[in-house]
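Participant: I'd like to go over a predicted model; first the sequence, then the structure.
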Amino acid sequence: MIAGLQDDQLIHKFGGRFKLTALIQRRWLQLMQGARPMVPHEGLTPLEVVVQEIAEGKLELTMETPAEAGEDVEVDA
């Protein structure tokens, strides 16, 4: 386990493990799609980069609808 994820204060800051996991997954996907890391990343895995970004307060959890996030939305006619 990555040491930064063991801090319960971090878990509570984002409203629980599920929301923190959602943030990690979203940012990890951004990095995999070519987004630039917001922290020095030499020698770190993408997951370690995300945890470091969270620990340094560089990421916030925002709740977007799929349309706001630019995702395809199915509309029943």
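Facilitator: Structure received. Numbering: from 1, shown residues only.
Participant: who does the helix ranked longest in the chain touch, helix- and strand-wise?
Facilitator: Criterion DSSP state H: the longest helix present in the chain is helix 17-32. For helix 17-32, the packing partners by 3 or more C-beta pairs under 8 Å, 6 or more residues apart in numbering; DSSP states H and E come out as helix 8-13, helix 46-55. (Glycine included, C-beta is placed from N, CA and C.)
Participant: and the shortest one, what's its mean pLDDT?
Facilitator: Confidence over helix 8-13, taken as the mean pLDDT, stands at 82.
Participant: which residues touch it?
Facilitator: Residues from elsewhere that reach helix 8-13 (C-beta atoms under 8 Å, 6 or more residues apart in numbering): 4, 17, 20, 54, 55.
Participant: Out of the residues you listed, who's the most crowded?
Facilitator: residue 54 (23 neighbours; other C-beta atoms under 10 Å).
Participant: so it sits right up against residue 24, yeah?
Facilitator: Yes. Counting by C-beta atoms under 8 Å, residue 24 is a contact partner of residue 54 at 7.3 Å.
Participant: which SSE is residue 36 in?
Facilitator: Using DSSP states H and E, residue 36 maps to neither a helix nor a strand.
Participant: Only alpha carbons, please: show stretch 25-40 as CSV.
Facilitator: Taking Å, rounded to 0.1, in the frame of the first residue of the first chain, the C-alpha atoms of stretch 25-40 are listed here in CSV:
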residue,chain,number,x,y,z
GLN,A,25,-9.1,6.8,-10.6
ARG,A,26,-10.1,9.9,-12.4
ARG,A,27,-6.7,11.5,-12.1
TRP,A,28,-4.8,8.3,-12.9
LEU,A,29,-6.8,8.1,-16.1
GLN,A,30,-5.9,11.7,-17.0
LEU,A,31,-2.2,10.9,-16.5
MET,A,32,-2.5,7.8,-18.7
GLN,A,33,-4.1,9.9,-21.4
GLY,A,34,-1.2,12.4,-21.4
ALA,A,35,-2.0,15.0,-18.7
ARG,A,36,1.1,16.5,-17.1
PRO,A,37,1.9,15.6,-13.5
MET,A,38,1.6,18.5,-11.0
VAL,A,39,4.5,17.2,-8.9
PRO,A,40,8.0,16.1,-9.6
